[in-house]
Each structure stands twice: as C-alpha cells, then as structure tokens.
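# have a look at this prediction, sequence included:
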Amino acid sequence: MRALLLAALALVGAGQATEDVWQITLRDGTIVWDLRLDSLRRDTIVFRQNKKTMRYPLLRVDEMRLVRAGKREVGPVTDGARYDGAANGTSDLVYQLTLLDLPERRRVVEQILRTRTAPPPR
C-alpha cells in the first residue's frame, strides 16, 4: 500500500514539474510573474496566468526568466541555508532581450518553445 501511495505522489509531482513558471520584465520596468509560456503568435508572446491568457508584443518584453527553485539544503537556521530550497533567483534561467531586434527576439522565443515542454491541454 505504501509503495502505491509513493508511486501516486511521484506521478503528481512529475505532472507539476512539466509546467514551467516564467517571470517577464517589460520595457517600462513592470514585472509580471507566475506565467506559463503558451505560444508565439506572429510578434506576440502568449502566456497563461491562472485562467487568463496574457499577450505581450515581443518588442515590449525586455527579459524572460524561467523561475527555478534553488537547490534544497537542510542545515541549521544560523548558517543561512534556511531559504536555499525557495525560488530565490540563484538558479533561474534568464533570457535578456533588451538589445535584440524583433527577428532575434522571435528566434529566441521560438528556441525556448522548441526546448521547453508543451503546455498541458486545456
């Protein structure tokens, strides 16, 4: 019974791991977080946020950040390791788009979409 429960929990955890969480910084400095990368439609990048669809022109997005949890380390609270398992930015994958023109930005996002997992069916 215990093995069955552990297998079920592993499947649930695996399903959650397929949804990448993104944060973007817009040209005006606005930061939008908790996004799921959906697609690229012409020159517009499409994200899902909860049940909403969010669209941003590629030229308005200066940075895309794939948010990853840090390496989990357990230690005494006094050694500063208390927050190492949190999404604290130290292991994020950052795509800086600021100096790229539109075709270069499009290529970067297309490459991300090719290498990331597909969004789950709605």
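Noted; the coordinates are in hand. Keep in mind the model is a prediction, meaning the values are calculated, not measured.
# for R106, see how far away W33 is.
23 Å (Cβ to Cβ, to the nearest Å). C-beta: built from backbone N, CA, C; applies to glycine.
# direction included, what does the longest strand along the chain pair up with?
When the chain is scanned for its longest strand (criterion: DSSP state E), the result is strand 31-41. Strand 31-41 has its sheet partners listed here by DSSP bridges as strand 21-26 (antiparallel), strand 44-49 (antiparallel).
# and that strand, C-alpha only, in PDB?
The C-alpha trace of strand 31-41 is given here as PDB (Å, rounded to 0.1, in the frame of the first residue of the first chain):
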ATOM      1  CA  ILE A  31       7.400  42.700 -13.700                       C
ATOM      2  CA  VAL A  32       4.800  40.100 -14.400                       C
ATOM      3  CA  TRP A  33       5.200  36.800 -12.700                       C
ATOM      4  CA  ASP A  34       3.600  33.400 -12.300                       C
ATOM      5  CA  LEU A  35       3.200  32.900 -16.100                       C
ATOM      6  CA  ARG A  36       3.100  29.700 -18.100                       C
ATOM      7  CA  LEU A  37       4.600  30.100 -21.600                       C
ATOM      8  CA  ASP A  38       2.000  29.200 -24.200                       C
ATOM      9  CA  SER A  39       3.000  30.200 -27.700                       C
ATOM     10  CA  LEU A  40       4.300  32.800 -30.100                       C
ATOM     11  CA  ARG A  41       1.800  34.300 -32.500                       C
END
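# nearest to M64, out of the strands paired with strand 31-41?
strand 21-26 (5.4 Å; Cβ to Cβ).
# output the closest one in CSV with nothing but the alpha carbons.
Provided in CSV are the C-alpha atoms of strand 21-26 (Å, rounded to 0.1, in the frame of the first residue of the first chain):
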residue,chain,number,x,y,z
VAL,A,21,6.9,29.2,-14.3
TRP,A,22,8.1,32.3,-16.0
GLN,A,23,8.5,35.9,-15.0
ILE,A,24,8.9,38.7,-17.5
THR,A,25,10.2,42.3,-17.3
LEU,A,26,8.5,44.7,-19.6
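# show me what counts as buried in that strand.
In terms of neighbour count (16 or more other Cβ atoms under 10 Å), strand 21-26 has its buried residues at 21-25.
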